[in-house]
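>>> Return a 3D structure for these sequence lines:
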Amino acid sequence: MRNDLQPTPGAPARQGAEGKEFLFTQSDFERVRRLIYDRAGIALGDGKQEMVYSRLSRRLRLLHLGTFEAYLRLLEADAGGSEWEQFTNALTTNLTSFFREAHHFPVLAEHVKAQGGPIEIWCCASSTGEEPYSLAITLCEAFGTLTPPARILATDIDTQVLAKAESGVYSLERVSDMSPERLKRFFLRGKGPQAGYVRLRPELRRLISFKPLNLLDDRWALKGPFDAVFCRNVMIYFDKPTQGQILSRLAPLLKPSGLLFAGHSENLSFVTRDFSLIGKTVYQLSQAARS
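This next block holds a predicted model:
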């Protein structure tokens, strides 16, 4: 690796415009957009410069790099290097909460009760775990047991949030909107050093397998068919051609009666003919896709 990619630790940064710590040009931003698109399919909008600067400047500090130019050359010089994982993690947005877009969960409950068991569900964007654990709670309530005949596969491109998700530990603030009944049944309250935190019951954690997965990978290390796929608030980060490619790969992984759940701002009808809208951002395989 070229020596000029890693300045001496503690080297002074070149101050950018408006008194910023690092120089960050439009050309730098365009290179970031290209790199994250090629690596993860994420299409950063024109208005994301400040977000990119804020998140990646942390990497520059940790690596003792003085400019974004040096950081981007470091990435481009080592296509298989470990920094790519940090780069992708930094630019992945992980906004989530328990029972977000709550209208989907009663639909899932009715669906799985009608199907019986065993049930297989894929959560495509696990983030810090609130969504897959919400699915697990829904399954337990639908079947009336902490050991429902079901499995949940939870994947995400961001390895750091997956580690957080797998721990199953959250601050009380994160579960403040949950009913006292659900808190008592599905969570264990921390004591001593863990006061102010809760942990999901081990029965729920055993329902979920957490694995890293990039939806742009040539091969997905998973098997269907699934009774439901939660792919919510994921497509908004991809352009239309990429959305179509991902949805065409999702279709064969769903059972004929399976459901695909999308985010509130995602209209898949304009992207694919493989799925038909049957409810509020709930889709099912079209007749053409089933044949």
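>>> where along this structure do the strands fall?
Using DSSP state E, the strands assigned to the chain run over residues 119-123, 150-156, 169-171, 187-189, 197-200, 208-212, 226-230, 254-261, 275-279, 282-285.
>>> what's the nearest residue to Leu222 if we skip its chain neighbours?
Take Leu222 and drop its neighbours on the chain: the residue closest to it by CB to CB, 6 or more residues apart in numbering is Leu153, 6.0 Å away. Where you see a C-beta, it was placed from the backbone N, CA and C, and this is true even at glycine.
>>> Phe24 versus the one you found, what's the distance?
Leu153 sits 38 Å away from Phe24, going by CB to CB, to the nearest Å.
>>> before we move on, back to that, show me what the residue nearest to Leu222 bridges to in the sheet.
Per DSSP bridges, the residues bridged to Leu153 are Trp122, Ser209.
>>> Now for it, how many residues are close by?
By other CB atoms under 10 Å, the residues close to Leu153 number 21.
>>> cool, Phe22 as well?
Other residues lying near Phe22 total 21 when counted by other CB under 10 Å.
>>> now Glu130
19.
>>> List the contacts of stretch 91-102.
Contact with stretch 91-102 is made by 32, 36, 40, 42, 44, 52, 55-56, 105, 127-128, 130-131, 133-134, 156-158, 161, 174-175, 177-178, 232-233, 237, 263-264, 281, as judged by CB atoms under 8 Å, 6 or more residues apart in numbering.
>>> among those, which ones are buried?
The neighbour count (16 or more other CB atoms under 10 Å) marks 32, 36, 40, 42, 44, 52, 55-56, 105, 127-128, 130-131, 133-134, 156-158, 161, 174-175, 178, 232-233, 237, 263, 281 as buried among the contacts of stretch 91-102.
>>> ok, how many other residues are close to Arg33?
There are 19 residues near Arg33, going by other CB under 10 Å.
>>> Skipping adjacent residues, who's closest to it in space?
Counting by CB to CB, 6+ apart, Arg33 lies nearest to Leu44, which is 4.8 Å off, once chain neighbours are set aside.
>>> picking that back up, what would the strands of the chain look like in CSV with distance to Leu63?
As requested, the strands of the chain are exported to CSV (distance: least, CB to CB, whole Å):
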stretch, distance to Leu63
strand 119-123, 33
strand 150-156, 24
strand 169-171, 29
strand 187-189, 39
strand 197-200, 32
strand 208-212, 23
strand 226-230, 35
strand 254-261, 39
strand 275-279, 43
strand 282-285, 43
